[in-house]
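Engineer: Curious how this folds, go ahead:
(chains A, B, C and D)
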Number of protein chains: 2
Amino acid sequence: MTLTQLEAFVLVARLGSVKAAARVLGVSEPAVSGALAALRQHLGDPLVERTPGGMDLTPGGQRLVPIASQMVNLAVEAEDAIRRAQGAPELLRVVATSTVAEYVARPLLNAFTSRHGPVEATLGVTTAAEMPALLTERLADVGLGPSLTDLEATPMMRYRLVVVAGRRHPLTRAAHVGLASLAGQDWLVDASGADPAAEFGMLLTRLRVPDGRIRVFPSMGAAWAAAADGEGVAPGVAHLVASDVERGRLAVLPVAGTPLDVLWHVNTLGADRRSPMATRLRRFLDTPHAMQAMHRADGSVPVSRFRPPVYVTLWS
Amino acid sequence: MTLTQLEAFVLVARLGSVKAAARVLGVSEPAVSGALAALRQHLGDPLVERTPGGMDLTPGGQRLVPIASQMVNLAVEAEDAIRRAQGAPELLRVVATSTVAEYVARPLLNAFTSRHGPVEATLGVTTAAEMPALLTERLADVGLGPSLTDLEATPMMRYRLVVVAGRRHPLTRAAHVGLASLAGQDWLVDASGADPAAEFGMLLTRLRVPDGRIRVFPSMGAAWAAAADGEGVAPGVAHLVASDVERGRLAVLPVAGTPLDVLWHVNTLGADRRSPMATRLRRFLDTPHAMQAMHRADGSVPVSRFRPPVYVTLWS
DNA sequence: CAGGCGCCTAACCGATTGGTTATCGCGACG
DNA sequence: CGTCGCGATAACCAATCGGTTAGGCGCCTG
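Structural biologist: Now for the predicted structure:
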């Protein structure tokens, strides 16, 4: 019974899938499957069993989850305690849904670390569905994106959601754009468009856009560039596409109900369980410096590609 | 960072010595030293440092102890949770100081398991000094012997401590035996005589018997046999030597202050943290069956030799 | 100052861990 | 009734773990 095995088990239990756990951990799927097999044999209990619609916990597995979760948590705490005792820079591991990571999280963390002494901040991208597990298993300290239940979610930033297309796109000439015509378009999105629980994914679901019409780009920057080239329509964050609209490269479509006010949230564990740096970041979010940093972001941020398990160290 | 390493560290911290930790774990001393070295390197902190008079914790080590201890505890809890979920016989791991193990614990556990459904009871011998660490690290559920501070200690059995010698021993003819002459004798004891915190060790300390005069036997049975052969004097538990005294093989010496009433205690963690079986055993101790079993023990129990880390399964 | 005690390191060894790629089995679903 | 998605398994591999014995080294102590 190793900590790795326990962590694999907990993530499988929480995410309901071996594959998802493997993705979160950044390893291949047989690696997780193997860890699970080892734990199963060691404890003599199947722990989780395959069912149509996910993996189900056995009675033994149900008892094990909270215990194993606590152990994994303590392991993180242990490393942290030592790190702190030695006066080493503290860790702040942030995950965000893709659009937030691309435009908001980076400048925010930049401002935070430069104002706030020695911190080693890392940023990763994930889906809204995986975020709760990442936070409760302490694989991350802070999750930026949609509001998550069972966690402490606070509004962080309001933005206006619009629909954009290239200036020559036929729909730009319409007086009103109806749902039917929108569903028939090619939609250009980033990973959060394929994530039904994230910002753009919820929009596409609401519009009943068929999967075949969704084209996923590595970043929203790339998606908007494609939209400018007339390849389709895209969801747009008003202030981020503002400069492209001004220059005439993109046009905002007159869709009923837009601009739509949407909130990005900051999610952490409860005050008693979250890391000190998470608390500090929360407090920082209330300052004008944070607001300024988040809004300063325009399309000029270099498009960088993250993959969920790859945490990119920003300052060391 | 593995659980084994954490356990080694915690025991070193608690016992203040690598050697003692190795003994408790039943491994060689370099094994513990190695585990410690691995943990040190992994965390980048010495954790414990050698000082005259024990091993001292660094600031980092101090923070780590409670966390690591909890992790080890949870690991035990995890295995137990699964075991229980499967309806397997529960575990009851008892440790006792040597004399208690030899004469009291075995019949007691025998009575307990035979009255109390499916239990897998194991019995081990240890010193009074190591007992607290064994209990707090959940290497054992119950500790029988002297009263331990910081744990829940309840009197379990009263016995009368006397001093015995072979019938032909010179001191048997004295009207009163003084301290000076006692300190000059060869004392025949079991392991608890070499343990300054255990029953007989405390007696020998009080009498200021020099180390050179103490001869340690593998069991009190063997020590009393040697005393009967005139090899020296020995501490005696009144009801256990009664039959030998009756048959004239041993004689009780007229030592001032004896017979001395002494208590054996049952030690466990607090009610909220101890295993269910430990609670059950505590309750069983209040019943007449327990009293009967403990007192039924006479010298007839076969002398078996334990070494501290070797837990002997009695019923499987 | 010579031992002895206690911790650490070295050298070695087998078992386990943790990971990979490739393949199989199986149920859902078009 | 294919086939597709997902989990389990096989086969393999390097690294680590957990253990041993042997020996070095600092420090107290007689």
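
Engineer: dump the residue contacts of A:A22.
Structural biologist: Contacts for A:A22 (C-beta atoms under 8 Å, 6 or more residues apart in numbering or on different chains) come out as A:28-29, A:31-32. Where you see a C-beta, it was placed from the backbone N, CA and C, and this is true even at glycine.

Engineer: Neighbours of A:L281, how many?
Structural biologist: By the criterion of other C-beta atoms under 10 Å in any protein chain shown, A:L281 has 27 neighbours.

Engineer: which of the contacts of A:A22 are buried?
Structural biologist: A:31-32 (16 or more other C-beta atoms under 10 Å in any protein chain shown).

Engineer: how about the contacts of A:A22 in CSV, adding secondary structure and pLDDT?
Structural biologist: Formatted as CSV, these follow (DSSP: H, G, I helix; E, B strand; the rest coil; pLDDT from 0 to 100):
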residue, secondary structure, pLDDT
A:S28, coil, 92
A:E29, helix, 93
A:A31, helix, 94
A:V32, helix, 95
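
Engineer: and DNA strand C, which of the contacts of A:A22 contact it?
Structural biologist: A:28, A:31 (C-beta under 7 Å from any atom of the strand).

Engineer: Quickly find the element holding A:L161.
Structural biologist: strand A:152-166 (DSSP states H and E).

Engineer: what is the mean pLDDT for that strand?
Structural biologist: Taken as a whole, strand A:152-166 has an average pLDDT of 92.

Engineer: Which neighbouring elements make contact with it?
Structural biologist: Judged by 3 or more C-beta pairs under 8 Å, 6 or more residues apart in numbering or on different chains; DSSP states H and E, strand A:152-166 is in contact with helix A:220-228, strand A:233-237, helix A:238-246, strand A:250-252, strand A:260-268, helix A:276-285, helix A:288-296.

Engineer: Past it, which element shows up next along the chain?
Structural biologist: helix A:179-183.

Engineer: Return the distance of that following helix from the chain's centre.
Structural biologist: 27 Å (C-alpha atoms, centre = their mean, to the nearest Å).

Engineer: Tell me the buried residues in it?
Structural biologist: A:L182.

Engineer: what's that helix packed up against?
Structural biologist: Contacts defined by 3+ C-beta pairs under 8 Å, 6+ apart place helix A:179-183 against helix A:199-207.

Engineer: Any buried residues in the helix it packs on, and which?
Structural biologist: Buried residues in helix A:199-207 (16+ other C-beta under 10 Å): A:199-204, A:207.

Engineer: which one among those gets closest to DNA strand D?
Structural biologist: Nearest to DNA strand D among those: A:G201, at 15.9 Å, using C-beta to the nearest atom of the strand.

Engineer: pretty sure the closest one contacts A:A194?
Structural biologist: Yes - contact status for A:G201 versus A:A194: in contact at 6.5 Å, counting by C-beta atoms under 8 Å.

Engineer: State whether A:L144 is indeed within a strand.
Structural biologist: Yes - counting by DSSP: H, G, I helix; E, B strand; the rest coil, one finds A:L144 located in a strand.

Engineer: roughly how far apart are the closest residue to it other than its chain neighbours and DNA strand C?
Structural biologist: Nearest non-adjacent residue to A:L144, counting by C-beta to C-beta, 6 or more residues apart in numbering or on different chains: A:A96, 3.9 Å away. Separation of A:A96 from DNA strand C (C-beta to the nearest atom of the strand, to the nearest Å): 24 Å.

Engineer: for A:A227, same thing?
Structural biologist: 30 Å.

Engineer: Leaving out chain neighbours, which residue sits closest to the residue nearest the centre of chain A?
Structural biologist: For chain A, the residue whose C-alpha lies nearest the mean C-alpha position (C-alpha atoms, centre = their mean) is A:T97; its distance is 2.3 Å. In this structure, A:T97 finds its nearest non-sequential neighbour in A:G145, 3.7 Å apart by C-beta to C-beta, 6+ apart.
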